[in-house]
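# With the input below, show me the fold.
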Amino acid sequence: MINDLNLLVSEKTNIIEACISYMKVNYATRTTEYDKCRRDLTYIIEAFIHDLSNNTISNTIYIANRFWIRDKRQIHAYEVEVALYNYMIRYITEVHSVTQEFAETINNLKCIIIDIIKNGAIEEPNTWQKSASIRINTYNWKPIVPKKDIIDSIIDDLHNYSPSKQKGFRYKIDIYRNDNEEKRNKIYRAHAAELGPKARHNPQVLAPWLFFFSLRKETVTQLDDYKKNDYFMDLGIATSNIIYGASSRGVDTGISRCINYEQPIIDVLGYVPDLTIGLGYRNDDKRYFCPHYKKLEGIPGDKNIKPNIDSYVNYV
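From the prediction side, this is the model:
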């Protein structure tokens, strides 16, 4: 088995090139982006190597799960992938002299990938990947209130595990139970996305719990621009930890930074926060009741499109 594994490591490049040649001959119209194919095949073979080395399947599952994002398969058809991975295993096991045990084990890993591509991701509960896959910015809320001990546990994790430059924690968080209708409407009005009589509002702040972030003044003066940058860095890290901590507990989150009417929020809090996070349970309805216009409104953000990863990530 060890010799077989060493062979897989040493022959990795040749295996990938054999697969690329197979694609070019048998599926010439499938793609012209063969560098991406090489990258993806490298991920798969390296996952096989890690799992074969440690007698696990977790690395293969992780790579296969990347074909899915939020229960949506990222390729329109998978017949070529299935054929290619079957060819890869035939090439490994027939061109090279490997033991039957090795051939069966690596074929089982291949079957895991194909099964996931066809049927959906396999996510273990309470993993980061699972929490990330179910987290979206939430705009509509069920009338169910997360218990305070859940909120406490999210904050405990923030305090115990969230990084902060020089452990400064330059932000302050006011946790607000959003159950007063008059004050809730003022908070909502403050979070208008723009000024004007037809301004769109941000229903993220209609959540049953709200986290209000502001500068902890004893750590940064208003005139210290360098340290204010540290504050915003700390705030961004804290936001990520909160939203994924909430997701791991089955709680949804919605973030808003739009405050165009300051006086209503000052009436409630006495200050204008830099960021607001709503916490609650997501309602999947595409419309919500707007307490300012007294009518149903569509949730924002539906038409926003994420850029292609290659447009903002580069190896240099």
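# can you count the residues close to residue 53?
14 (other CB atoms under 10 Å). C-beta coordinates here come from the backbone N, C-alpha and C atoms, glycine included.
# same question, the one 5 residues further on
Other residues lying near residue 58 total 14 when counted by other CB under 10 Å.
# which ones are touching the nearest residue to it once chain neighbours are set aside?
Counting by CB to CB, 6 or more residues apart in numbering, residue 51 is the residue found nearest to residue 58 once chain neighbours are left out, at 7.0 Å. Contacts here follow CB atoms under 8 Å, 6 or more residues apart in numbering; on that basis residue 51 touches 57, 58, 59, 60, 109.
# what about the strands in the stretch 1-150 of the chain?
68-69, 72-73 (DSSP state E, counting those that start in this stretch).
# swap that for the stretch 151-300 of the chain, sorry
Going by DSSP E, counting those that start in this stretch, the stretch 151-300 of the chain shows strands at 171-177, 209-215, 252-256, 275-280, 287-290, 295-298.
# can those strands go into CSV with extra columns for mean pLDDT?
Below are the strands of the stretch 151-300 of the chain laid out as CSV (pLDDT from 0 to 100):
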stretch, mean pLDDT
strand 171-177, 96
strand 209-215, 96
strand 252-256, 97
strand 275-280, 98
strand 287-290, 94
strand 295-298, 93
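# returning to what we had before: mean pLDDT added to the strands of the stretch 1-150 of the chain, as CSV?
What follows is those, written out as CSV (pLDDT from 0 to 100):
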stretch, mean pLDDT
strand 68-69, 86
strand 72-73, 90
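# Next, find the distance separating residue 147 from residue 245.
From residue 147 across to residue 245, the span is 15 Å (CB to CB, to the nearest Å).
# before we move on, what about residue 39?
Taking CB to CB, one finds residue 39 at 32 Å from residue 245.
# which of the two has more neighbours?
More neighbours surround residue 245 than the other of residue 39 and residue 245, with 21 against 11 (other CB under 10 Å).
# Run through the residues that contact that one.
Counting by CB under 8 Å, 6+ apart, the residues that residue 245 touches are 153, 154, 157, 158.
# Mind doing that once more with 7 Å?
154, 157, 158 (CB atoms under 7 Å, 6 or more residues apart in numbering).
# Could you tell me the model confidence score at the nearest residue to the last one once chain neighbours are set aside?
Closest residue to residue 158 in three dimensions, ignoring its sequence neighbours and counting by CB to CB, 6+ apart: residue 241, at 5.3 Å. Looking at residue 241, its pLDDT reads 95.
# got it, and residue 222?
Value listed for residue 222 in the pLDDT field: 60.
# Quick one: residues contacting residue 57.
Residue 57 touches 51, 109, 112, counting by CB under 7 Å, 6+ apart.
# what about the residue lying closest to the second one once chain neighbours are set aside, how many neighbours?
Across the structure, with CB to CB, 6+ apart as the measure, the residue nearest residue 109 apart from its sequence neighbours is residue 60 (4.7 Å). Close neighbours of residue 60, defined as other CB under 10 Å, add up to 23.
# thought residue 60 was touching residue 115?
No. Counting by CB atoms under 7 Å, residue 115 is not a contact partner of residue 60; they are 10.6 Å apart.
# could you give the angle of the longest helix along the chain to strand 252-256?
If you go by DSSP state H, the chain has its longest helix at helix 225-248. Between helix 225-248 and strand 252-256, the angle comes out at 150 degrees (axes from the mean of the first three to the mean of the last three CA atoms, to 10 degrees).
# So what's the gap between helix 225-248 and the chain middle?
Its chain's average C-alpha position is 15 Å from that of helix 225-248, according to CA atoms, centre = their mean, to the nearest Å.
# Could you export that helix as CSV, CA atoms only?
Only the C-alpha atoms of helix 225-248 are listed here, as CSV (Å, rounded to 0.1, in the frame of the first residue of the first chain):
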residue,chain,number,x,y,z
ASP,A,225,-7.0,57.6,11.8
TYR,A,226,-4.4,54.9,12.1
LYS,A,227,-6.1,53.3,15.1
LYS,A,228,-9.5,53.8,13.6
ASN,A,229,-8.4,51.5,10.7
ASP,A,230,-7.6,48.9,13.4
TYR,A,231,-11.1,49.4,14.8
PHE,A,232,-12.7,48.7,11.5
MET,A,233,-10.5,45.7,11.0
ASP,A,234,-11.5,44.4,14.4
LEU,A,235,-15.1,45.0,13.6
GLY,A,236,-14.9,43.0,10.4
ILE,A,237,-13.3,40.0,12.1
ALA,A,238,-15.9,40.2,14.9
THR,A,239,-18.7,40.3,12.3
SER,A,240,-17.5,37.1,10.6
ASN,A,241,-17.2,35.3,13.9
ILE,A,242,-20.7,36.3,15.0
ILE,A,243,-22.5,35.4,11.8
TYR,A,244,-20.8,31.9,11.6
GLY,A,245,-21.2,31.4,15.3
ALA,A,246,-24.9,32.1,14.9
SER,A,247,-25.2,29.9,11.9
SER,A,248,-23.6,27.0,13.7
